[in-house]
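Student: give the three-dimensional model of this entry:
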Amino acid sequence: MNSVRERILQAMVSAITPALTALGVKVFRSPTVAVSREQSPAVLVFPESDTIRERPNDRLERELIIRLTALARGDDAAQVADALLVAVHAALFSDANFGGLALGLKELDTEWDSEDADAIAVSIPARYQITYRTLVHDLSRQG
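Tutor: Model (predicted):
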């Protein structure tokens, strides 16, 4: 059985995929190679960290930090990337508990990065914190 963390990540990708597919955009989870121009625009999902916040009894309260990066190219890349983050944000907060797997979702911060290589490329990473619980002795069971 998968960990609660992995099930949350799968639920997150499932939550944002329909809205992005409707926009003709693909979702890539932890890509190990650069997204090509042909694959843009895209949204990239990167788990950054998972830390223990509290330890009440035999449960662990955890904070999972996820970075979602909207990537677009072209003259209107900033507007496209921003629109992707608007769609992602709305999809995430439509079920902020991910079907009961999480205690809550919180937006942390957003950054902007533009490059002028052979075509303007804009990436806008937004980070979110997901609070959830597991048992001390079993990462696959909710606490």
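Student: okay, how far is it across stretch 29-42, tip to tip?
Tutor: Length of stretch 29-42, first residue to last, CA to CA, to the nearest Å: 11 Å.
Student: pLDDT averaged over that stretch, what's the number?
Tutor: Along stretch 29-42, the predicted local confidence has a mean pLDDT of 90.
Student: and it, what's buried?
Tutor: By 16 or more other CB atoms under 10 Å, the buried positions in stretch 29-42 come out as V35, S40, P41, A42. Using the backbone N, CA and C atoms, a C-beta is placed for each residue, glycine as well.
Student: those residues into JSON lines, with extra columns for secondary structure and distance to L85?
Tutor: Converted to JSON lines, the buried residues of stretch 29-42 look like this (DSSP: H, G, I helix; E, B strand; the rest coil; distance: CB to CB, whole Å):
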{"residue": "V35", "secondary structure": "coil", "distance to L85": "16"}
{"residue": "S40", "secondary structure": "coil", "distance to L85": "15"}
{"residue": "P41", "secondary structure": "coil", "distance to L85": "11"}
{"residue": "A42", "secondary structure": "strand", "distance to L85": "12"}
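Student: how about the residues you listed, which pair is most distant?
Tutor: Based on CB to CB, the longest span within the buried residues of stretch 29-42 runs between V35 and P41 and measures 9.2 Å.
Student: re the thing from before, closest one of the buried residues of stretch 29-42 to L92?
Tutor: Nearest to L92 out of the buried residues of stretch 29-42 is A42 (CB to CB; 16.9 Å).
Student: pretty sure that closest one sits against V27.
Tutor: Yes: when contacts are counted by CB atoms under 8 Å, A42 is listed as touching V27 (7.3 Å).
Student: burial count for I16?
Tutor: 23 (other CB atoms under 10 Å).
Student: now the one 4 residues further on
Tutor: If you count neighbours by other CB under 10 Å, L20 ends up with 20.
Student: work out for me the element it sits within.
Tutor: Element membership for L20, per DSSP states H and E: helix 4-22.
Student: what's that helix in contact with?
Tutor: 2, 26-27, 29, 43, 45, 47, 50, 62, 64, 66, 68, 84, 87-88, 90-92, 94-95, 98-99, 101-102, 130, 132-134, 139-142 (CB atoms under 8 Å, 6 or more residues apart in numbering).
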